[in-house]
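# Here is the input, now give the coordinates:
(one chain, ligands or ions: 1)
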Amino acid sequence: MLLRVGSCVLALATPAFAGLDLHDYDDDLMRDLDRTIKVFEPDITAQNAAAAKEDAAILLEGFRYTEDYFGKKGVADAVAISRDGSRLVDAVLRNVDKGDFDAAATAARDAPQLCKSCHDLYKPRLGR
Ligand code: HEC
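Predicted coordinates:
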């Protein structure tokens, strides 16, 4: 497993993400995700397949980005959360394609929780 060396002092004051260097993290993409997640379920509920697919593509790009990013840093649980996200978006897309908007909306409702579980672990809660 990964040994965190050299962050002992910081680790006293900060939680799990201590030692995680996020300087090259794509915050713009995150803000796109934030805009998208707000309209994702409403677009599905409105049975707007075209908009829902556009949203899904952006979210998928986001989860693939975080999978890749945290994969390179060896953060296994963030990778797992990202994969769950991609699977969830795939499930939504399959249901939208079938015209089953109820099932798609049910799946979409779980998406924000995945964003949150990664943020709880790895997003610094410092005012910026
Ligand atoms: C696997 C981890 C992970 C997932 C999944 C994830 N995020 Fe993030 N997100 C982060 C981290 C880490 C940061 C902090 C980046 C930094 O401090 O530079 C962040 C930052 C953000 C920010 C703040 C960007 C800013 O302006 O500084 C927003 C908004 C955001 N995420 C939205 C989302 C949404 C919406 C989703 C789900 C669709 C999502 N994120 C999924 C890890 C994740």
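# Which residues of the chain lie near the ligand?
22, 25, 27, 30-31, 33-34, 37, 59, 62-63, 66, 70, 78, 81-82, 85, 111, 114-115, 118-119, 122-124 (C-beta under 6 Å from any ligand atom). Backbone N, C-alpha and C define where each C-beta goes, glycine included.
# Please enumerate the helices of this protein.
8-13, 27-45, 49-72, 76-98, 101-108, 111-122 (DSSP state H).
# export those to TSV and tack on mean pLDDT and mean neighbour count?
Shown next, in TSV, are the helices of the chain (pLDDT from 0 to 100; neighbours: other C-beta atoms under 10 Å):
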stretch	mean pLDDT	mean neighbour count
helix 8-13	43	10
helix 27-45	97	16
helix 49-72	98	18
helix 76-98	98	18
helix 101-108	98	20
helix 111-122	96	17
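# In this protein, which residue is most central in space?
residue 115 (4.2 Å; C-alpha atoms, centre = their mean).
# Next, the contact list for the closest residue to that one other than its chain neighbours, please.
Spatial nearest neighbour of residue 115, chain neighbours left out: residue 37 (6.5 Å); criterion: C-beta to C-beta, 6 or more residues apart in numbering. By C-beta atoms under 8 Å, 6 or more residues apart in numbering, the contact set of residue 37 is 59, 111, 112, 115.
# quick one: contacts for the third one?
Looking back up the chat, that one is residue 112. residue 37.
# rerun at 10 Å
The contact partners of residue 112, by C-beta atoms under 10 Å, 6 or more residues apart in numbering, come to 34, 37, 38, 40, 41.
# Determine which two of those are furthest apart.
Between any two of the contacts of residue 112, the greatest separation by C-beta to C-beta is 14.0 Å, found for 34 and 41.
# All set, thanks.
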